[in-house]
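Novice: got a predicted model here, sequence first, then my questions.
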Amino acid sequence: MKTSDTNDQDKALVLVNLNGDVSDRLPAQVADMQRALYYGDALFESMRTFSGRMPWWSMHWERLNEGMAQLGMIAPAHWSAAFFENEWQKMQVFNHRIRLMVWRSAGGLYLPENNEVGFLMTTQKIDTPLYVWPNDGGVLGFSKTVQLPVDAFSNLKSLNTARYVQAAREARSNGWDDAVILNAFGRVCETSNSNIFWIKNDKLFTPPLSEGCVAGIVRKLMIYLEVEGLEPCTEAICNPATLLDADEVFTTNAVRGIQPVLSIDRYIKKKDKSKIIYECLIKYMLNI
């Protein structure tokens, strides 16, 4: 084979066609995030600032560090809670949603060539300075197309979110606000974007992390939050029938706080105790 033919073939191996534009390399920003794009080899945190404060930041930072350690990612020595706090302050956040993503550096196929990481931070303005209690609760249904795996990586906030995307699409097509997703054993796990809680006879419950749900920040707060008139939260396995039989149901995440559920599969739920829990969370947040 002629040398020129070999060179032409070598060039062809690295050609990129991005939406019809052909070049010999990925755009620089895409190349940096290549492993996140190709393999979902990344973690993220969805966070919120309230009047410039982020009361749950230490918990987000702890979860992110634990996730990186579990995936074998090696953060730069200068990364710290203070470092990232300075980074979002550069963006002049006040009442904002912040998404912080970290990914393993480019190189390798499924097996990475190194374990160093980079980060991307984006912000989106939110109009309210506190979590908002909605006048109406959400309408939920059970996803019939998605089940979540249960393994050592289920609790991470990774980019492997195709199942959550499909559950959210299923909810939209059925006229629900969100979908309750079961795990591989047919038990209640979480929703497409939140952890889930239920109240029965003044007792508060949520599925344990061993059921495959994300280790949510507000979920963790709920487990230790003291609410007058309610027993401390218990982690319990939950079948769909248990959730339908509950007196009240609500969901939690770090961006929206507590969201009450009006109905699940047309089973109507109360909201009284859920609102008391919401008020306790706000009080706690304002005093830390």
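Specialist: Received it, and whenever you're ready, just let me know what you need.
Novice: longest strand anywhere in this structure?
Specialist: Taking DSSP state E as the criterion, the chain has its longest strand at strand 138-148.
Novice: buried set for that strand?
Specialist: If you call a residue buried by 16 or more other Cβ atoms under 10 Å, then strand 138-148 has these buried ones: 138-143, 146-148. Yep, even glycine has a C-beta here, placed from its N, CA and C like the rest.
Novice: for the closest residue to Ser143 other than its chain neighbours, give me its contacts.
Specialist: Here the nearest residue to Ser143 in space, its sequence neighbours aside, is Ala179; by Cβ to Cβ, 6 or more residues apart in numbering that works out to 4.2 Å. Residues touching Ala179, when contacts are defined by Cβ atoms under 8 Å, 6 or more residues apart in numbering, comprise 140-143, 146, 167-168, 170-171, 191-192.
Novice: what's the neighbour count on Thr242?
Specialist: One way to gauge burial is a neighbour count; for Thr242, by other Cβ atoms under 10 Å, it gives 15.
Novice: which SS class is it?
Specialist: When the structure is reduced to helix, strand and coil (DSSP: H, G, I helix; E, B strand; the rest coil), Thr242 reads as helix.
Novice: going forward, count from 42.
Specialist: With the count now opening at 42, the last piece we talked about shows up as Thr283.
Novice: element containing Val259?
Specialist: Assigned by DSSP states H and E, Val259 belongs to helix 258-265.
Novice: what comes into contact with that helix?
Specialist: Contacts made with helix 258-265 from outside it, assessed by Cβ under 8 Å, 6+ apart, are listed as 97, 100-101, 104, 236, 238, 245, 247, 254, 273-274, 276, 293-295, 298-299, 318, 322, 325.
Novice: can you tell me which of those residues are buried?
Specialist: The neighbour-count test (16+ other Cβ under 10 Å) marks 97, 100-101, 104, 236, 238, 245, 247, 254, 274, 293-295, 298-299, 318, 322 as buried among the contacts of helix 258-265.
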